[in-house]
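Any chance you can model this:
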Amino acid sequence: MNKLPMTQPPHPDSLGIKVTCAVVTVSDTRSPQTDKSGQLIQELLLAANHAIAVYKIIKDEPDQIQAQIELLGENANLDVVIFNGGTGIAPRDTTYDAIAKLLEKTLPGFGELFRFLSYQEIGSRAIASRAVAGVYQNQLIFSLPGSSNAVRLGMEKLILPELVHLVSQMRG
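Prediction:
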């Protein structure tokens, strides 16, 4: 028996919920002017009627990444933190390792589905992605690769369709 892919969520999300987000680009070389992926995340969030409270570019240093997560975790008005960059396996790619150590709950389906969708676009190179998501201090944390194509895929196919639902679940 063949099932068609789901096109609508199993139950509707609450309308009118505005999610407050932070966008953090992890890069040793990008600036606000050259950060196409960070800009794209912000554009997509704003187009979906969500708010951007924080935008930062930080170096791909585990201590800086963890300090940023801890600092943002103190902001009770922040619902979601979306990182981009540093998710590969190159020596300077430390985002996954830094984030994974702090997550209180993980959403393994995010990384699994991201790699599945990436595989459909780029083939077996998708295995090198260490996209991850979870919860820290009652905030959703997402970590995407730094390429604009990967950001668009993760945002449009996974994060934006589920953002309101996940935040609603965390709020209880």
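
Look at the residue sitting nearest the centre point of the chain and give its secondary structure.
The centroid of the chain falls nearest to residue 142 when counting by CA atoms, centre = their mean (2.7 Å). Here residue 142 is strand, with the state taken from DSSP: H, G, I helix; E, B strand; the rest coil.

Surely it and residue 133 touch.
Yes - counting by CB atoms under 8 Å, residue 142 touches residue 133, with 4.7 Å between them. Heads up, the C-betas are built off the backbone N, CA and C, glycines and all.

got a pLDDT number for the residue nearest to the centre of the chain?
Listed pLDDT for residue 142 reads 98.

ok, back up a step: so what's in contact with residue 142 and residue 133 at the same time?
residue 110 (CB atoms under 8 Å, 6 or more residues apart in numbering).

beta partners of the residue nearest to the centre of the chain?
With DSSP bridges applied, residue 142 shows beta-bridge pairing to residue 82, residue 133.

now swap in residue 105 and tell me
Assigned bridge partners for residue 105, using DSSP bridges, are residue 135.

From the structure, what's the count of residues near it?
Residue 105 is flanked by 11 other residues according to other CB atoms under 10 Å.

wait, isn't it in contact with residue 134?
Yes - with contact defined as CB under 8 Å, residue 105 reaches residue 134; the gap is 5.4 Å.
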